[in-house]
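Chemist: Quick one, fold the following:
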Amino acid sequence: MTSTNQPFAVPQPDRGTYFEFEVVTINAEGREKSRSLKRARSFCEDLGNGIMLDMVAIPAGEFLMGTADADRDTITQEATRNGIEQKYAETRTSQEMPQHCVKVPEFWMGKFAVTQAQWDRVAALPKIKTNLDADPSNFKGAKRPVEKITWEQAVEFCNRLSCKTGRSYRLPSEAEWEYACRAGTTTPFHFGETITTDLANYNGDYSYGNAPQGESRSQTTEVGIFPANGFGLYDMHGNVYEWCADIWNESYEWAPTDGTAQDIGSELRDPHHVQRVSQLLRGGSWLNCPWICRSAARSKLIRGGYTAVIGFRVLCSVSSTLHR
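Modeler: You can find the predicted model right below:
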């Protein structure tokens, strides 16, 4: 990949264009149950040099966020079956509670996690606050997701993209992320009650429910090679964790119900806690067992942390793209 400071095109999207995709659902044993053709609206941000950033329209709606109390024991048992210590599993599951209703407005979301080619183009734009390495990833490939990205760097990417396009790009809130991941489903995965490595990139040495073990690729894969969810988004389970806008909270006790991000975390609410800000991560990665890759699963890392399992995808507000 070659970085360039040459400006890229600024399209003027209206209501977007439609694209078609297949949605796969599976049964509790991991076998395909149905396959249907759907379509969604999208627009493409032209980053130049043939590199496009595809944004998908996510309709407004409401959903139950998190894990229901009735499912607590089942979720915890799945974790311990995957080799996670009982106490830790119980703590992690409680962090997905209480389940609560959230109303989410319409927005645009990246069809894929940000790729290395897209990162390279935006990293060449003028600095706003944070330096960006044009090629930070451990697993190289223009169509693979960029990884080894800190939260601050992901925010810088969004800010540079916003400045260049005149549209408002940012990281999604975790409520927006989970709503987009579920795409109307209430099962642990948008594919159904379980998941297989034919459908996502995670650690196939482990399984979920009655599904079999699968392939353990031990690296990222190119974006979009697995089936989409019902909204037309790809790789929401596994491949790379995705940064969210929210500061970490130990539960949903203070969670907003309008889809916005939490900007005060439990680490700051507790006066006895060492005040170190952690940010939300969603989706799991190629390294994780499927339990970590569920729609409701939550993880965290300090803002300056980065590893080869962490990337991000962007969100764009409807008001900044429509009827321009």
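Chemist: So which residues of the stretch 51-200 of the chain form strands?
Modeler: For the stretch 51-200 of the chain, the strands defined by DSSP state E, counting those that start in this stretch occupy 51-58, 61-65, 100-104, 107-110, 169-170.
Chemist: so what strands line up beside the first one?
Modeler: Spelled out, it's strand 51-58. Using DSSP bridges, the strands paired with strand 51-58 are strand 32-48 (antiparallel), strand 107-110 (antiparallel).
Chemist: sorry, back to before: for the strands of the stretch 51-200 of the chain, please prepare TSV with the additional fields mean neighbour count.
Modeler: Backbone N, C-alpha and C define where each C-beta goes, glycine included. Listed next are the strands of the stretch 51-200 of the chain as TSV, based on neighbours: other Cβ atoms under 10 Å:
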stretch	mean neighbour count
strand 51-58	21
strand 61-65	17
strand 100-104	16
strand 107-110	25
strand 169-170	22
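Chemist: Contact partners for C289?
Modeler: 82-84, 202-203, 205-206, 208 (Cβ atoms under 8 Å, 6 or more residues apart in numbering).
Chemist: ok, the closest residue to it other than its chain neighbours - contacts?
Modeler: Setting aside the residues directly before and after it, C289 is nearest to Y206 in space (Cβ to Cβ, 6 or more residues apart in numbering), at 3.7 Å. Contacts of Y206 were listed using Cβ under 8 Å, 6+ apart, and they are 82-83, 213, 289-291.
Chemist: Try it again at 10 Å.
Modeler: Counting by Cβ atoms under 10 Å, 6 or more residues apart in numbering, Y206 touches 78, 81-84, 213-214, 216, 288-292.
Chemist: do the same with A57
Modeler: A57 neighbours (Cβ under 10 Å, 6+ apart): 15-16, 18, 40-43, 106-109, 231-232, 316, 318, 321-322.
Chemist: Make a PyMOL selection of the buried ones in the residues you listed.
Modeler: Listed next is the PyMOL selection for buried residues among these, using 16 or more other Cβ atoms under 10 Å:
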select buried, resi 16+40+41+42+43+107+108+109+231+232+316+321
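Chemist: And the pLDDT at R269?
Modeler: For R269, the model assigns a pLDDT of 50.
Chemist: any chance of the strands of the stretch 51-200 of the chain in CSV, plus distance to W151 and mean pLDDT?
Modeler: Below are the strands of the stretch 51-200 of the chain laid out as CSV (distance: least, Cβ to Cβ, whole Å; pLDDT from 0 to 100):
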stretch, distance to W151, mean pLDDT
strand 51-58, 20, 98
strand 61-65, 21, 98
strand 100-104, 22, 98
strand 107-110, 16, 98
strand 169-170, 12, 98
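Chemist: Ok, which of those strands comes nearest M236?
Modeler: For M236, the closest of the strands of the stretch 51-200 of the chain is strand 107-110, at 9.9 Å, according to Cβ to Cβ.
Chemist: export that closest one as CSV, just CAs?
Modeler: Provided in CSV are the C-alpha atoms of strand 107-110 (Å, rounded to 0.1, in the frame of the first residue of the first chain):
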residue,chain,number,x,y,z
PHE,A,107,-27.8,5.7,11.3
TRP,A,108,-25.3,4.5,8.7
MET,A,109,-22.7,1.9,9.7
GLY,A,110,-19.6,0.5,8.0
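Chemist: Show me how far it is from its chain's centre.
Modeler: Distance, stretch centre to chain centre, for strand 107-110: 11 Å (Cα atoms, centre = their mean, to the nearest Å).
Chemist: and what of stretch 244-259?
Modeler: 16 Å.
Chemist: Need the CA coordinates for it. PDB is fine.
Modeler: C-alpha atoms of stretch 244-259 as PDB (Å, rounded to 0.1, in the frame of the first residue of the first chain):
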ATOM      1  CA  CYS A 244     -17.100   1.600  20.900                       C
ATOM      2  CA  ALA A 245     -17.500   5.200  22.000                       C
ATOM      3  CA  ASP A 246     -18.600   4.200  25.600                       C
ATOM      4  CA  ILE A 247     -16.500   4.400  28.700                       C
ATOM      5  CA  TRP A 248     -16.600   1.000  30.500                       C
ATOM      6  CA  ASN A 249     -19.300   0.400  33.100                       C
ATOM      7  CA  GLU A 250     -19.500  -2.800  35.200                       C
ATOM      8  CA  SER A 251     -23.300  -3.300  34.400                       C
ATOM      9  CA  TYR A 252     -26.200  -1.500  32.700                       C
ATOM     10  CA  GLU A 253     -27.300   0.100  36.000                       C
ATOM     11  CA  TRP A 254     -26.800   3.600  34.500                       C
ATOM     12  CA  ALA A 255     -27.200   2.700  30.800                       C
ATOM     13  CA  PRO A 256     -29.100   5.200  28.700                       C
ATOM     14  CA  THR A 257     -32.100   4.000  26.800                       C
ATOM     15  CA  ASP A 258     -31.800   6.300  23.700                       C
ATOM     16  CA  GLY A 259     -28.800   4.600  22.100                       C
END
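Chemist: Many thanks, we can stop here.
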